[in-house]
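**Q** give me a model of this one.
(one chain, ligands or ions: 1)
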Amino acid sequence: MYMSYYDQIIESTEYLKKRIEAKHLPEVAVVLGSGLGTFTEKIEISHRIPYSAIPHFPPATVKGHEGALIFGTIEGKKIVAQAGRYHFYEGYNMKEVTLPIRVFKYLGAKVLLIASAVGGIHADYEAGDVTIVNDHINLHHENPLQGPNDERLGVRFPDMTDAYSPRLIAMAHNIASAQKIVLHNSVYGGLPGPNLETKAEYNYLNIIGATVVGMSTVPEIIVAQHSGLESCVLTAVTNKCFPISAIKEVTHDEVIEVAQKTETKISTIVKEMIKRI
Ligand code: HPA
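**A** Okay, here's the model as predicted:
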């Protein structure tokens, strides 16, 4: 039987509300992309609900990604963490990719924090650096808001001027400087992937004003903005892509090493942000 996207969102939300007690409903949602995988260790977990149990949540396809929503507290704040993300390149459609964001909103979350791995396309960014996204350039050919607009979910033409919360950006900088963590401001160029970019594409991204590039985040932020969630994105630069002469092939071990280095920094910032939100 046909069920509208709105009804699917409500059904997923109602299922989760039945599984968790009202006292565990989250204030903050955290999307754990690459660069924040071990963040779950910081959560005092109350419920771990696999995607396979949640109505309308597609199964997770990426090996090593757990595919679960984790409910609990950090510093006494109620959170939900999305462990295992849906990427467009895996074959999910844009509405599937962004379903968890809709559900976080209906569970009552007010704030969305996202961590993602990116390529650095600013001459000053090195592998292992951490950035906070100030803005994005959407280079996806599909949009999660495409199709008839359901006014219950948001307006037809959402404003994107403050999609990256100035309040949360300021808060993150404040925390980073207190912790002596270098935190760059970035502009996220969002591409569908899954291939990495050509040299000409990295150069193009630099010319148009992007300073990091990645294959996620942008659809989620568009939906968060449509939903009225206050959002913030931290990125881990895993590979240097600019200037073109600085691009070199990296081994998997190097990538892991870089990811671990950034993980500590991102995790410190996110934990403190949750405390202050
Ligand atoms: N391009 C796109 N996405 C990425 C990259 C990259 O170079 N590195 C990590 N995620």
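**Q** residue contacts, the residue nearest to residue 211 when sequence neighbours are not counted?
**A** With CB to CB, 6 or more residues apart in numbering as the criterion, residue 211 has its nearest non-adjacent residue at 4.0 Å, and that residue is residue 122. C-betas here are computed from N, CA, C, even on glycine. Contact partners of residue 122, counting by CB atoms under 8 Å, 6 or more residues apart in numbering, are 184, 186, 206, 211, 212, 242.
**Q** and for residue 155?
**A** If you count contacts by CB under 8 Å, 6+ apart, then residue 155 has 149, 226 around it.
**Q** all further residue positions should be reported with the first residue as 41.
**A** Sure, I'll start counting at 41 from here, so that last one is residue 195.
**Q** can you tell me the SS state at it?
**A** The local conformation at residue 195, judged by DSSP: H, G, I helix; E, B strand; the rest coil, is coil.
**Q** look up how far the ligand lies from it.
**A** According to CB to the nearest ligand atom, to the nearest Å, residue 195 stands 30 Å off from the ligand.
**Q** over to residue 299?
**A** 10 Å.
**Q** show me what contacts whichever residue of the stretch 41-190 of the chain sits closest to the ligand?
**A** Nearest to the ligand in the stretch 41-190 of the chain, going by CB to the nearest ligand atom, is residue 159, at a distance of 2.5 Å. Contact partners of residue 159, counting by CB under 8 Å, 6+ apart, are 236, 237, 242, 252, 253, 254, 277, 278, 279, 280, 281.
**Q** bridged to the residue nearest the centre of the chain, which residues?
**A** What sits nearest the mean C-alpha location of the chain, by CA atoms, centre = their mean, is residue 154, with 3.2 Å. Note on residue 154: beta-bridge partners residue 71, residue 273, judged by DSSP bridges.
**Q** pull the contacting residues for it.
**A** Residue 154 neighbours (CB under 8 Å, 6+ apart): 70, 71, 73, 257, 260, 261, 271, 272, 273, 274.
**Q** let's go with 7 Å and repeat that
**A** 71, 73, 257, 260, 273 (CB atoms under 7 Å, 6 or more residues apart in numbering).
**Q** so what's the second one closest to, chain neighbours aside?
**A** Okay, so that is residue 73. Closest to residue 73 by CB to CB, 6+ apart is residue 156, at 4.1 Å.
**Q** you'd agree that neighbour is in a helix?
**A** No - Residue 156: not assigned to a helix; according to three-state DSSP it is strand.
**Q** one step back: any idea of the pLDDT on the residue nearest to the centre of the chain?
**A** Listed pLDDT for residue 154 reads 97.
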